[in-house]
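Enquirer: Return a 3D structure for these sequence lines:
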Amino acid sequence: MKKTLTSGFMVMIYAILGLVLMAALFTPIMSSLASLLGTTGVATFTALVTVIGIIPTILLLGLSVASGIFYYKGYKQAVGQDPGGLLRMVLGILQIILFITMFATIVTSFYSLYTTYNSNTTYIAFGTVLSIVPTILFLGGIFSGGMVAFQGGKTAWSRRSKASKARKAKT
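Expert: Below you'll find the model as predicted:
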């Protein structure tokens, strides 16, 4: 299968969209876990209530880390597909715009989860993680977009600089 020029860039965009979907779909996950906890006799199963209490925190952190790894793998593909750096510059700027635009969905979802589940002691450390993760995601999204744009610009600048030196050496 032949890779297209933009496959690495698409992986990066999918990673951002995955974060937004994860945040938007976390409320139904929590509702399902709450209904599972309300099931008659669930406490008779050994450690099931404790495991259900830990699951939201593990899911939230795990999916966030998975999205970051997915983004990094896309970036590594994009570096190989864009030796001139111009596409990375453009994508980095577009990523920052896309991320800031879509971040309102993440904040709204996390705020809804935080107000609903922060005081619930069943979900271990979930309120604390919910209060920290949006900040980490926001900074990560902004810095990763800036890094992509910077690396693309650095590559483009060094290529121009080398070409200019080669022309001067020929004359």
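Enquirer: can I assume Thr105 is in contact with Ala23?
Expert: Yes - using C-beta atoms under 8 Å, Thr105 makes contact with Ala23 at a distance of 6.4 Å. The way it works is simple: take the backbone N, C-alpha and C, and place the C-beta from them, glycine included.
Enquirer: Tell me which of these two has more neighbours.
Expert: The residue with more neighbours, out of Thr105 and Ala23, is Ala23; 25 against 14, by other C-beta atoms under 10 Å.
Enquirer: didn't the more buried one look like it was pressed against Phe110?
Expert: Yes - Ala23 is within contact range of Phe110, at 6.1 Å (criterion: C-beta under 8 Å).
Enquirer: Now for the two: what residues contact both?
Expert: Counting by C-beta atoms under 8 Å, 6 or more residues apart in numbering, no residue touches both Ala23 and Phe110.
Enquirer: overlap in contacts of Thr105 and Ala23?
Expert: Jointly contacting Thr105 and Ala23 under the rule C-beta under 8 Å, 6+ apart is no residue at all.
Enquirer: where do the helices sit along this structure?
Expert: Along the chain, counting by DSSP state H, helices occupy 7-24, 26-37, 48-81, 86-117, 126-170.
Enquirer: For the first one, which helices and strands make contact with it?
Expert: The contact analysis (3 or more C-beta pairs under 8 Å, 6 or more residues apart in numbering; DSSP states H and E) places helix 7-24 against helix 48-81, helix 86-117, helix 126-170.
Enquirer: Please spell out which residues along that helix are buried.
Expert: For helix 7-24, burial by neighbour count (16 or more other C-beta atoms under 10 Å) applies to 8-9, 11-13, 15-16, 18-23.
Enquirer: quick one, it and helix 86-117 angle?
Expert: For helix 7-24 against helix 86-117, the angle by axes from the mean of the first three to the mean of the last three C-alpha atoms, to 10 degrees is 10 degrees.
Enquirer: and helix 7-24, how far from the chain's centre?
Expert: Counting by C-alpha atoms, centre = their mean, to the nearest Å, helix 7-24 is centred 7 Å from the centre of its parent chain.
Enquirer: neighbours of Ala34, just the number please.
Expert: Ala34: 15 surrounding residues under other C-beta under 10 Å.
Enquirer: Now do Leu130, the pLDDT please.
Expert: Leu130 is assigned 91 on the pLDDT scale.
Enquirer: How about the contacts made by the closest residue to it other than its chain neighbours?
Expert: In this structure, Leu130 finds its nearest non-sequential neighbour in Tyr114, 4.5 Å apart by C-beta to C-beta, 6 or more residues apart in numbering. Taking C-beta under 8 Å, 6+ apart as the contact definition, Tyr114 lies against Gly127, Leu130, Ser131.
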